[in-house]
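Undergrad: My questions concern the predicted model and sequence given below.
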Amino acid sequence: MDGCGGKGSEFQFSQVNDNGIRPGPCDPYEGCPPPTEIECIMVDKVYEECKVTQVNTVDTDLTAIAVGEITDVTCVRAELFVDEDHPLVCEKLPCSRVRSAFYYRFIFRWTDDAGVHTFTSDPILVEKIARMNRANEPRLDVRCEIFVDCIECFLINHTVVRCCIGNLIVFKLFANVQLLVPAYGFCPEPPDCRKVVPDACPTPSDWLDTIIWPPFYPEQDR
């Protein structure tokens, strides 16, 4: 019996890698060890991809809500916005074309005579169409990976804020296929997780492990 009233866990890691090979980079001189087998795996293989980038300029007039003069503006973030009325579209079109349509919104913080406020924009539509050589192949599907970023926000007069929003759309034509790949067997059993003490600050050593130590001049090996 264990402390929870049962016989104890019967779970075991089976068929794990027992040849000492672990995930990580190979030796820069000796390279990787030879594989132990060739596996047939099912994956999404990318046959063609391309990217579209742009920076949108969006002006927001705060005259109706600002109290006095705006003295400071800070961009908080930009984010995709998806709901029933604002769907994310990723599709193939005739004539070897692909299309992505999505909505985003951005958030910035501003300071006026009444204090600090936060503004969230209405959803903004972006639509992009691109030509891809293999988009007309019926067995290839399209996937759209979309990234939005609030680059910066600044004042262009006393009450109008201009935000620069970066958009990156990556189109991928892919198919689910079976591939032969060299392998080393199953993955090894993972290490134990690091314990976290609730409501306790990290030790100085733990904290230093999470930051980039400030550089000294000249550069020193540490």
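TA: Received, thanks. This structure is a prediction, so every number in the text was calculated from the model and none was measured.
Undergrad: following the helix or strand encompassing K172, which helix or strand comes up?
TA: Counting by DSSP states H and E, the element that carries K172 is strand 160-183. The C-terminal neighbour of strand 160-183 among helices and strands, as given by DSSP H and E, is helix 204-208.
Undergrad: just to revisit the earlier point, only the buried residues of the strand holding K172, if you could.
TA: Going by neighbour count (16 or more other Cβ atoms under 10 Å), the buried part of strand 160-183 is 161, 163-165, 167, 169, 171-174. For glycine as for every other residue, the C-beta is placed from the backbone atoms N, C-alpha and C.
Undergrad: can you check stretch 61-75 too?
TA: Buried residues in stretch 61-75, counting neighbours by 16+ other Cβ under 10 Å, are found at 62, 66, 70, 73, 75.
Undergrad: just stretch 134-146 next, same as before
TA: Burial within stretch 134-146, assessed by neighbour count using 16+ other Cβ under 10 Å, is assigned to 135, 140, 142, 144, 146.
Undergrad: Tell me who's in contact with the fourth one.
TA: Spelled out, it's C144. Counting by Cβ atoms under 8 Å, 6 or more residues apart in numbering, C144 touches 88, 90, 98, 100, 102, 169-172.
Undergrad: swap in the first one?
TA: A135 sits next to 48, 92-93, 96-98, 142, 173 when contact means Cβ under 8 Å, 6+ apart.
Undergrad: again, only this time at 10 Å
TA: A135 makes contacts with 48, 92-98, 142, 171, 173, as judged by Cβ atoms under 10 Å, 6 or more residues apart in numbering.
Undergrad: Settle this for me: L125 is touching D85, isn't it.
TA: No. Taking contact to mean Cβ atoms under 10 Å, the distance of 11.3 Å between L125 and D85 leaves them out of contact.
Undergrad: got any ranges where the protein has weak pLDDT?
TA: Counting by pLDDT under 70, the chain has low-confidence residues at 1-18, 213-222.
Undergrad: Mind checking which residue lies nearest the centre of it?
TA: Taking Cα atoms, centre = their mean, the centroid of the chain lies closest to F147, which sits 7.4 Å from it.
Undergrad: State whether T60 and F119 are indeed in contact, as I suppose.
TA: Yes. Shown here, T60 and F119 form a contact pair, counting by Cβ under 10 Å, at 6.5 Å.
Undergrad: Return every residue with contacts to both of those two.
TA: Contact with both T60 and F119 is made by residues 73, 106, 108, 110, 153, 161, 163, according to Cβ under 10 Å, 6+ apart.
Undergrad: Okay, and the third one sits in which element?
TA: In this case it means F108. Taking DSSP H and E as the criterion, F108 maps to strand 97-112.
Undergrad: Provide the backbone phi and psi angles at P138.
TA: For P138, the backbone dihedrals are phi -70, psi -20 (criterion: degrees, to the nearest 10).
Undergrad: Pull the contacting residues for it.
TA: Residues near P138 by Cβ under 10 Å, 6+ apart: K92.
Undergrad: What residues sit buried inside stretch 100-117?
TA: Going through stretch 100-117 with 16+ other Cβ under 10 Å, the ones that come out buried are 100-108, 110, 112.
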